[in-house]
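**Student:** Could you work out the structure for the sequence below:
(one chain, ligands or ions: 3)
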Amino acid sequence: MALTTNPHVLKWIDESIALVKPDKVVWIDGSEEQLNELREQAMATGEMIKLNEEKLPGCFLHRTAINDVARVEGRTFICSRKEEDAGPTNNWMDPKEAYEKVGKLYDGAMKGRTAYIIPYSMGPIGSPFSKAGVEITDSIYVVLNMAIMTRMGKDVFTALGDSNDFVRGLHAKADLDEENRYILHFPEDNTIWSINSGYGGNVLLGKKCFALRIASYQGKNEGWMAEHMLILGLENPQGEVKYVAAAFPSACGKTNLAMLIPPEVYRNKGYKVWCVGDDIAWLRIGPDGRLWAVNPENGFFGVAPGTNEKSNPNALASTRQGTIFTNVVHNLDDNTVWWEGLDKNPPRNALNWKGEKWDGATATEKGAHPNSRFTAPAKNCPCVSPEFDSSTGVPISAIIFGGRRAKTAPLVYQSRDWDNGVFVGSIMASETTAAATGAVGVVRRDPMAMLPFCGYHMGDYFQHWIDMGKKLGDKAPKIFNVNWFRTDDEGNFIWPGFGDNMRVLDWIIKRTENQADAQETAIGYVPKAEDINLDGLDFSIDTLKGILEVDKDLWTQEAEGITEFYKKFGDHLPKELANQLDILKANLKK
Ligand code: GTP
Ligand code: SPV
Ligand code: MN
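**Tutor:** Residues are numbered from 1 along each chain as shown. Ligands and ions are numbered 1, 2, ... in the order given. Model (predicted):
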């Protein structure tokens, strides 16, 4: 039975169902009873494997097809009516052509299957920040993931009423054919079409497709921002909490920073980090003129490899119940899971991410896929912020950009002002990771970590950032850049990272309070080495000076790279950014 009488919802569902022709239609009400039935069905077909109930209560393992393990940027399209509106960094398809061409693939794609209709909210239901979505999918795995990642169920329809303001998402696994895999976004129609994939970022349509690509377009039109950012609160010994939002590209450390446990010297004094979000932030100017953020998600879709008791105990704890693991190792001895970097005892009697026999002691290949993931409820996180469900969000004091750079970018620097900060975000570059298909470790420009996620012309997106700064005026957050990934001549990371990143956050917060010094360089303000607290850390001040250095030769090359990159944006490049590039060049000549 339909869970709503909203005519816009019903019309779109009727049309979509007529196209994909499922045998059955099931409305997802969000009840535990219904979810349990679906879990039972997925266990019966092998789609989900129930894990050890004592060690991992309510947890499941799922394996995707081996050709379907990451986002597919080459097959992701922005279907705006005008090609120019998609801009130079997105693939574009004419919407008419897209509906027609991919419509043929959808025709009858759910024959013999069940269509599940999922009402969900990005953001707390009823918050002025929040937006509703409806996803039609033929995958139980998607339903169960959406139940963790979003606020899902019939209350969403109650909050939506008869409004037309919801995002339509149609997902069909079809036959998982790579050649016919499409992730299409129609920003002007509030619509997403995804076909021939079963992997997270391609199919959990509330996440990257809606909360970044469609939402960034909505934000541009409505005066707010949708960003690929974690949100954390840093509590000082006086009990005051300052919030920061940080944009790093995929698999570059957002989840880790968001759940950071400060080193002992800080913990002893009473410092604590609270996690508000680990991947996406929606930011609006509040009644007080400051920038406020909510995390539109309700769970973490985190990278498994490298997550352990030392690197990120809070993430690990988050995965100990009610979690879905995707493409990790299945330990057959005790029916649990394992991944590279979990501990030094890989299981011997196990199946790798492909489901093949795997012996961790003798294997030459990795057992877990490098982009294997956990889907864990945010409420499981020991450091989840008390403000997690706040409908007004949290006020942001600092915005941090960052990426993986073996050289060039110093450990941390502060921009001179907002426009310079937008410039810093726009020139972000990072080595590619396994989070998307394609080569790994290649440096590419990834402005604001949004290259794969901006739903419109990136030059106009830069302009939107500049315009937001004008509205925020002196209430704007301060903007910083960090790089945890400088390497030595042997390719080892120099900075210890993880919990010790607290030492950098400490300087950042002090800067927002005008309580720390800095030295001006060609690119902005860099800390004086003695102002980064190294207490309790075996790390020499000379090594620190090394990773704080701004090498003028490298930056001169960088400026050339930026000049080339900026040409892409033509007359959509804000004059403020062209001006910032001139300033950088002039500074480098000084
Ligand atoms: P997405 O979910 O893809 O958006 O990734 P993310 O930005 O949340 O990255 P995540 O925190 O999952 O980290 C990805 C990888 O970077 C993991 O293998 C981490 O172990 C590693 N990593 C995270 N923080 C640090 C750090 O401070 N130093 C070093 N060397 N590695 C880190
Ligand atoms: C990312 O790639 O940035 C992720 C994972 O957070 S996905 O949901 O696949 O996009
Ligand atoms: Mn991400």
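**Student:** what residues does this protein put near ligand 1?
**Tutor:** Residues of the chain lying near ligand 1 by CB under 6 Å from any ligand atom: 248, 250-256, 278-279, 302-303, 305-306, 311, 435, 484-485, 493, 497-498, 501. In this view, the C-beta of every residue, glycine as well, is placed from N, C-alpha and C.
**Student:** Are any of these buried, and if so which?
**Tutor:** 248, 250-256, 278-279, 302-303, 305-306, 435, 484-485, 498, 501 (16 or more other CB atoms under 10 Å).
**Student:** Give me the subset of those residues that lies in strands.
**Tutor:** Those of those mapping onto strands are Gly302, Val303, per DSSP state E.
**Student:** Let me see the contact set for whichever residue of the chain sits closest to ligand 1.
**Tutor:** Nearest residue of the chain to ligand 1 (CB to the nearest ligand atom) works out as Gly497 at 2.5 Å. By CB atoms under 8 Å, 6 or more residues apart in numbering, the residues touching Gly497 are Gly253, Asn256, Trp484, Phe485.
**Student:** run the last query once more with 7 Å
**Tutor:** Contacts here follow CB atoms under 7 Å, 6 or more residues apart in numbering; on that basis Gly497 touches Trp484.
**Student:** Also near ligand 3: which of the residues of the chain next to ligand 1, exactly?
**Tutor:** Ser250, Asp279 (CB under 5 Å from the ion).
**Student:** gap between whichever residue of the chain sits closest to ligand 2 and Asn312?
**Tutor:** Closest to ligand 2 within the chain is Gly201: 2.2 Å, counting by CB to the nearest ligand atom. Gly201 is 20 Å from Asn312, where distance means CB to CB, to the nearest Å.
**Student:** for Ala132, same thing?
**Tutor:** With distances taken as CB to CB, Ala132 is found 32 Å from Asn312.
**Student:** can you check Lys104 too?
**Tutor:** Applying CB to CB, the value for Lys104 to Asn312 is 45 Å.
**Student:** what about these two, which has more around it?
**Tutor:** Comparing Lys104 with Asn312 by other CB atoms under 10 Å, the one with more neighbours is Asn312, at 24 against 12.
**Student:** Double-check the more buried one against Ala258; I have them as touching.
**Tutor:** No. With contacts counted by CB atoms under 7 Å, Asn312 stays clear of Ala258, the gap being 9.3 Å.
**Student:** Of the residues of the chain next to ligand 1, which belong to helices?
**Tutor:** Lys254, Thr255, Asn256 (DSSP state H).
**Student:** Dump the residues you listed to JSON lines, plus pLDDT.
**Tutor:** Shown next, in JSON lines, are those (pLDDT from 0 to 100):
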{"residue": "Lys254", "pLDDT": "98"}
{"residue": "Thr255", "pLDDT": "98"}
{"residue": "Asn256", "pLDDT": "98"}
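**Student:** Can you convert these into JSON lines and add a column each for distance to Arg213?
**Tutor:** What follows is these, written out as JSON lines (distance: CB to CB, whole Å):
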{"residue": "Lys254", "distance to Arg213": "18"}
{"residue": "Thr255", "distance to Arg213": "21"}
{"residue": "Asn256", "distance to Arg213": "24"}
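**Student:** Let me know the closest of these to ligand 3.
**Tutor:** Nearest to ligand 3 out of those is Lys254 (CB to the ion; 6.4 Å).
**Student:** residue ranges of the helices in the stretch 251-400 of the chain, please?
**Tutor:** 254-258, 264-267, 313-318 (DSSP state H, counting those that start in this stretch).
**Student:** which stretches of the stretch 101-250 of the chain form strands?
**Tutor:** If DSSP state E, counting those that start in this stretch is used as the criterion, the strands of the stretch 101-250 of the chain fall at 114-122, 131-137, 151-152, 166-172, 182-186, 191-195, 225-227, 229-235, 241-247.
**Student:** need these in JSON lines with distance to Pro477, mean neighbour count and mean pLDDT, can you?
**Tutor:** Formatted as JSON lines, those follow (distance: least, CB to CB, whole Å; neighbours: other CB atoms under 10 Å; pLDDT from 0 to 100):
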{"stretch": "strand 114-122", "distance to Pro477": "22", "mean neighbour count": "24", "mean pLDDT": "98"}
{"stretch": "strand 131-137", "distance to Pro477": "23", "mean neighbour count": "26", "mean pLDDT": "98"}
{"stretch": "strand 151-152", "distance to Pro477": "27", "mean neighbour count": "25", "mean pLDDT": "98"}
{"stretch": "strand 166-172", "distance to Pro477": "28", "mean neighbour count": "26", "mean pLDDT": "98"}
{"stretch": "strand 182-186", "distance to Pro477": "28", "mean neighbour count": "25", "mean pLDDT": "98"}
{"stretch": "strand 191-195", "distance to Pro477": "30", "mean neighbour count": "25", "mean pLDDT": "98"}
{"stretch": "strand 225-227", "distance to Pro477": "12", "mean neighbour count": "26", "mean pLDDT": "98"}
{"stretch": "strand 229-235", "distance to Pro477": "11", "mean neighbour count": "25", "mean pLDDT": "98"}
{"stretch": "strand 241-247", "distance to Pro477": "8", "mean neighbour count": "23", "mean pLDDT": "98"}
